[in-house]
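1. For reference, the sequence and a predicted model appear below.
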Amino acid sequence: MPLALLLKCELTIADREEKRERREEIDQQVEDLESKIATAEGEVKALKKRRDGLESEGKGLSKCIRDGYENRNVPCEERSCPNEAGTPGIATVRLDTLERIEWRELTVAERQGRLF
């Protein structure tokens, strides 16, 4: 059986051209793969952001379930209303339940009333 040894061989012009073409092919493949990796990394970031948003929403729902309430925007209005002692003031009232949320005394400008 013949013996094979790894020895130095001078490249011919054809050998060099063949290796140069192969190198260009490899460079193009690497560039294509880098582009695909960048696209995939962008998709991974988008998926992680979506996952984080869903986890946050889930935590918020769990808190609502655990606490038994949530904060919502509720239509309210201010109405002229005296307090328990009869002092004139303004009450903020929820329009869905007509519950008084807060009460405050009239400001100086509000006490002036309208002349006409």
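-> Cool, got the structure. Residues are numbered from 1 along each chain as shown.
2. Let me see the domain layout of this protein.
-> For the chain, automatic domain parsing gives the domain ranges 12-71, 76-111.
3. Show me what secondary structure element comes after the helix or strand where C64 lies.
-> For C64, the element it lies in under DSSP states H and E is helix 13-67. Counting by DSSP H and E, the element after helix 13-67 in chain order, helix or strand, is strand 76-80.
4. helices and strands around that following strand, which ones?
-> Counting contacts by 3 or more CB pairs under 8 Å, 6 or more residues apart in numbering; DSSP states H and E, strand 76-80 is packed against strand 89-94. Just so you know, the C-beta spots here come from the backbone N, C-alpha and C atoms, and that holds for glycine as well.
5. what helices or strands is the strand it packs on leaning on?
-> Using 3+ CB pairs under 8 Å, 6+ apart, strand 89-94 sits against strand 76-80, strand 100-105.
6. Including mean neighbour count, distance to L11 and mean pLDDT, could those go into TSV?
-> Formatted as TSV, these follow (neighbours: other CB atoms under 10 Å; distance: least, CB to CB, whole Å; pLDDT from 0 to 100):
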stretch	mean neighbour count	distance to L11	mean pLDDT
strand 76-80	12	86	92
strand 100-105	12	88	92
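7. Any stretches of the chain with poor pLDDT?
-> 113-116 (pLDDT under 70).
8. measure the residue positioned nearest the centre of it to P75 for me?
-> Central residue of the chain (CA atoms, centre = their mean): G53, 5.9 Å from the mean position. Going from G53 to P75 by CB to CB, to the nearest Å gives 29 Å.
9. do G89 as well
-> Taken as CB to CB, the span from G89 to P75 is 21 Å.
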